[in-house]
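Participant: Model the following, please.
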Amino acid sequence: MAKNNKFLSLLEKYQSRFEQKGFLVGDVIKFNDNFKSHESYKALPENVKEVLDSYIESGLHIRVTQADGSDEMVVAQDHGGGRFVGKVTIPCCLGAPVDFGDNLAPIPEVQRHETKVDIKPVEVPELPENPTDAPTQVPHEGGNTTHPIDEEDEEVVEESAKDEASYTQQYL
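Facilitator: Residues are numbered from 1 along each chain as shown. Next up, the predicted model:
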């Protein structure tokens, strides 16, 4: 029964991480400085090399999406919010996991946007203690913008009400 226990398998993965410094699913990977001169990188197909180069040039995080304890792992580009794009299998010796401590990974510079939006707080008017004393004014700003009623529309409604009365009178 202990073999099927998910907690034990998870615990074993974390224990192996601290003993051997391995990879876990969700880790951010940082490639070694000279990973392109490594024999494992040279043995990769050209399309995988191009994908890895595009990942590095993009400036986004590269996360481990599958690690089963073998010499290979699956990595993907992290677009944020759990969106992993372009999974590629690479050897584990090309990089190392980035340790952020107990914190989440910081937002990459590529995904930061400088906005000039400056929302200034507005004081909320105090509500009366008795809800029946609340003002019943219709706000001047905003109002009913989805279905504004024009004077022409009011005239049409009044005319159609008169016509319906005469029309229904015939059947009574």
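Participant: Three-state assignment for the residue nearest the centre of the chain, please.
Facilitator: Geometric centre of the chain, nearest residue: residue 81, 2.9 Å, by CA atoms, centre = their mean. Assigned by DSSP: H, G, I helix; E, B strand; the rest coil, the conformation of residue 81 is coil.
Participant: any idea how far it lies from residue 100?
Facilitator: Distance, residue 81 to residue 100, by CB to CB, to the nearest Å: 18 Å. Quick note: C-beta positions are derived from backbone N, CA and C, even for glycine.
Participant: Likewise for residue 53?
Facilitator: Counting by CB to CB, the gap from residue 53 to residue 100 is 24 Å.
Participant: Give me the number of neighbouring residues for residue 67.
Facilitator: Close neighbours of residue 67, defined as other CB atoms under 10 Å, add up to 20.
Participant: Report pLDDT for it.
Facilitator: Per-residue pLDDT puts residue 67 at 82.
Participant: Could you do residue 38 as well?
Facilitator: 84.
Participant: Now for residue 61: which residues touch it?
Facilitator: Contacts for residue 61 (CB atoms under 8 Å, 6 or more residues apart in numbering) come out as 28, 77, 78, 105, 108.
Participant: nope, residue 4 is what I meant
Facilitator: Applying CB under 8 Å, 6+ apart, no residues qualify as near residue 4.
Participant: where exactly do the strands run in this protein?
Facilitator: 29-31, 61-67, 72-78, 84-91, 95-97 (DSSP state E).
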